[in-house]
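# need the 3D shape of this:
(one chain, ligands or ions: 1)
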Amino acid sequence: MTILLGCIADDFTGATDLASFLVKSGMRTVQLIGIPTDPVDLSEADAVVIALKSRTLPQEEAIQQSVAALEWLKQYDCEQYYFKYCSTFDSTEEGNIGPVTDALLDNLNEEFTVLCPALPVNGRTVYKGHLFVNDALLNESGMQNHPLTPMKDANLLRVMKSQSQGEVGLVAHEVVTAGSYNIKTALEKVSAHCRYAVLDTLSNHDLIEIGAACADIKLLTGGSGLSIGLAQNFQNKGLFKISSSSGKLSSVMGDAVVLSGSCSLMTQAQVACFKKNSPAKRISPIALFNKTESMDSFIQWFEENKNQGPVMFYATDSTENIKMIQKELGVDKASEIVEEFMAHLVVVLSSVGVTKFVVAGGETSGAVVQALQPQLLKIGESIAPGVPLTEIPGDNPKLLALKSGNFGDETFFEKALRMMQ
Ligand code: ADP
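Purely as a prediction, here's the structure:
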């Protein structure tokens, strides 16, 4: 069995983002949580995205995990491989984008790849080799203060050179606007003396032309945007047919709940909106810590209210209240209590017939996914940009919507639940 596109993403939400783009472009896509240890059924997948958590790992570990993911993908003899990183090229001075790219090229016996982080719909563009976030250079966009991967230089040629083994060339915007044939010719020229080419990219149209020019490059590297033209390449080669139902998931019976552990302003608005018409129960970290509330009382409440549901459980609170809670319990302890409780709650709710979970919060989603232990997620249609509906397939399938902080509008929960019906 062949997979057309084998992808390695350096974090979970980045993987979902890429998978969502692939589904939209007409490829049936599966996301794997790490490298599977047991056999997985990929018979209905055109593309596979392995989600690692390697962005800020020590370099050696990031390389080891990424190469292991590539080795795993190679059993499917992928037509093309894709290393997905953040559209703001998030990396430390040592890497990991450069060293991982080098290791993947070496493993594939390839000499050349492209670097294309641009995602113009989200304001990430590249011009004269410099990465912009909306109107600001990357190093003036706030990213220079990122706690883990501060980006202090917007010049991608310099950034890549400093953390990799080879020379970096540029395909300038005049060439990119001249279309795929000219881009391909320019890439061939750059590859004669460079190991990597940065491509200027200002629009979705540019991304499609770049994608077409990259049809025969074995390893691609970039943000999620570079993927948008690839399905067409595979179709042009007669390898598959673009499908309008690539995001079709199973229809799932059973109850649905909303679990909100994010305290972002958008999530606060979403919680307030949902509470107007549906039963909702607050999760108080202090009550859980003091053991004045227990799992039993939550499940009892669920049984009493589920007929007026779907219901919501939320730890979401105002910034002021969070500060008070954190003062009392400590920042880490407060988070730990909420995340552990959410993880436990999702398992207990599953055991009483809940099969659909709308989850708010990046870390909260991580805790929930870890508790459910899916081997793979089938990626469905987008609920909001960057947030697809997903399915844990199997004899008892489940549907999940995993949203981090500020994603979606006020009615996101209602929309996600409607799409799960
Ligand atoms: P976001 O995507 O908005 O950043 P996360 O789930 O990643 O959301 O992070 C929110 C963090 O805040 C989690 O660790 C969660 O456990 C914690 N949290 C949620 N509610 C509360 C609360 N009421 N008090 C203290 N911490 C909370």
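
# shaky segments in this structure?
1 (pLDDT under 70).

# for the ligand, what is the nearest residue in it?
Nearest residue of the chain to the ligand, counting by Cβ to the nearest ligand atom: Gly361, 2.4 Å away. C-beta: built from backbone N, CA, C; applies to glycine.

# what does that residue show for phi and psi?
Recorded main-chain torsions at Gly361 are phi 120, psi 130, according to degrees, to the nearest 10.

# what does stretch 201-210 contact?
Residues outside stretch 201-210 that contact it (Cβ atoms under 8 Å, 6 or more residues apart in numbering) are 114, 116, 118, 120-121, 125-127, 173, 176-177, 179-180, 183, 199-200, 225-226, 228-229, 232.

# ok so, going back, could you look up the SS state of the spatially closest residue to the residue of the chain closest to the ligand that is not a sequence neighbour?
Nearest residue to Gly361, sequence neighbours excluded (Cβ to Cβ, 6 or more residues apart in numbering): Ser262, at 3.4 Å. Counting by DSSP: H, G, I helix; E, B strand; the rest coil, the backbone at Ser262 sits in coil.

# wait, Ser262 sits on Gly362?
Yes - with contact defined as Cβ atoms under 8 Å, Ser262 counts as touching Gly362 (7.4 Å).

# from the rest of the structure, what touches the top helix by length along the chain?
Counting by DSSP state H, the longest helix found in the chain is helix 331-351. Applying Cβ under 8 Å, 6+ apart, the set of residues contacting helix 331-351 from outside is 255, 257, 259, 261, 283, 285, 288-289, 295, 298-299, 302, 313, 315, 322, 325-326, 329, 357, 359, 363-364, 367-368, 370-372, 398.

# which bits of the stretch 201-350 of the chain sit near the ligand?
261-264, 267, 285, 315, 317, 322, 325-326, 334-335, 338-339 (Cβ under 6 Å from any ligand atom).

# about what we covered before: tell me how far the longest helix of the chain lies from the chain's centre.
22 Å (Cα atoms, centre = their mean, to the nearest Å).

# I'd like the next helix or strand past that helix.
strand 354-360 (DSSP states H and E).

# strand partners of that next one, parallel vs antiparallel please.
strand 255-260 (parallel), strand 398-403 (parallel) (DSSP bridges).

# show residues contacting that strand.
The contact list for strand 354-360 (Cβ under 8 Å, 6+ apart) reads 252-262, 267, 270-271, 310, 316, 342, 346, 349, 365, 368, 396-403, 405, 412-413, 416-417, 420.

# and stretch 400-409, by the same measure?
Residues contacting stretch 400-409 (Cβ under 8 Å, 6+ apart): 13, 16, 262, 264-267, 270, 356-362, 365, 368-369, 372, 377, 383-387, 389-392, 412, 415-416, 419-420.

# strands of the stretch 51-200 of the chain, start to end?
Assigned by DSSP state E, counting those that start in this stretch, the stretch 51-200 of the chain shows strands spanning 80-84, 113-116, 124-127, 130-133, 136-137, 168-171, 196-199.

# residue contacts, the residue lying closest to His173 once chain neighbours are set aside?
Of all residues not flanking His173 in the chain, Asp200 sits nearest, at 3.8 Å (Cβ to Cβ, 6+ apart). By Cβ under 8 Å, 6+ apart, the contact set of Asp200 is 126-129, 170-173, 175-176, 206.

# got these as CSV, with neighbour count and distance to Lys53 columns?
Supplementary listing: the contacts of Asp200 in CSV, determined by neighbours: other Cβ atoms under 10 Å; distance: Cβ to Cβ, whole Å:
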residue, neighbour count, distance to Lys53
Val126, 27, 26
Tyr127, 15, 31
Lys128, 12, 33
Gly129, 22, 29
Leu170, 19, 31
Val171, 25, 31
Ala172, 14, 35
His173, 18, 34
Val175, 19, 36
Val176, 24, 33
Asp206, 24, 30
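
# turn the residues you listed into a markdown table, columns for distance to Lys74.
As requested, these are exported to a markdown table (distance: Cβ to Cβ, whole Å):
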| residue | distance to Lys74 |
| --- | --- |
| Val126 | 30 |
| Tyr127 | 36 |
| Lys128 | 36 |
| Gly129 | 32 |
| Leu170 | 31 |
| Val171 | 28 |
| Ala172 | 34 |
| His173 | 35 |
| Val175 | 32 |
| Val176 | 31 |
| Asp206 | 30 |
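
# surely Lys184 touches Ala213?
Yes - with contact defined as Cβ under 8 Å, Lys184 reaches Ala213; the gap is 4.2 Å.

# compare the two (neighbour count), which wins?
Ala213 (26 against 19; other Cβ atoms under 10 Å).

# for Pro99, which of the strands of the stretch 51-200 of the chain is the nearest?
When the strands of the stretch 51-200 of the chain are compared by Cβ to Cβ, strand 80-84 sits nearest Pro99, at 11.4 Å.

# in the sheet, which strands lie alongside the closest one, parallel or antiparallel?
In the sheet, strand 80-84 lines up against strand 5-9 (parallel), strand 219-222 (parallel) (DSSP bridges).

# residues touching the longest one, excluding its own?
Just to be clear, that refers to strand 5-9. Here strand 5-9 makes contact (Cβ under 8 Å, 6+ apart) with 15, 18, 22, 27, 46-52, 66, 69-70, 73-74, 76, 78-85, 104, 227, 230, 234.

# and if we set it to 7 Å?
15, 18, 27, 47-52, 66, 69-70, 73, 76, 78-84, 230 (Cβ atoms under 7 Å, 6 or more residues apart in numbering).

# one more: stretch 264-283?
258, 260, 298, 301, 305, 308-316, 318, 338, 341, 360, 405-406, 408, 410-414.

# Three-state assignment for the residue of the chain most remote from its centre, please.
Distance from the centre of the chain peaks at Thr292, with 37.2 Å (Cα atoms, centre = their mean). With three-state DSSP as the basis, Thr292 sits in coil.

# residues near the closest residue in space to Ile63 that isn't next to it in sequence, how many?
Setting aside the residues directly before and after it, Ile63 is nearest to Ala103 in space (Cβ to Cβ, 6+ apart), at 4.5 Å. The tally of other residues near Ala103 (other Cβ under 10 Å) stands at 21.
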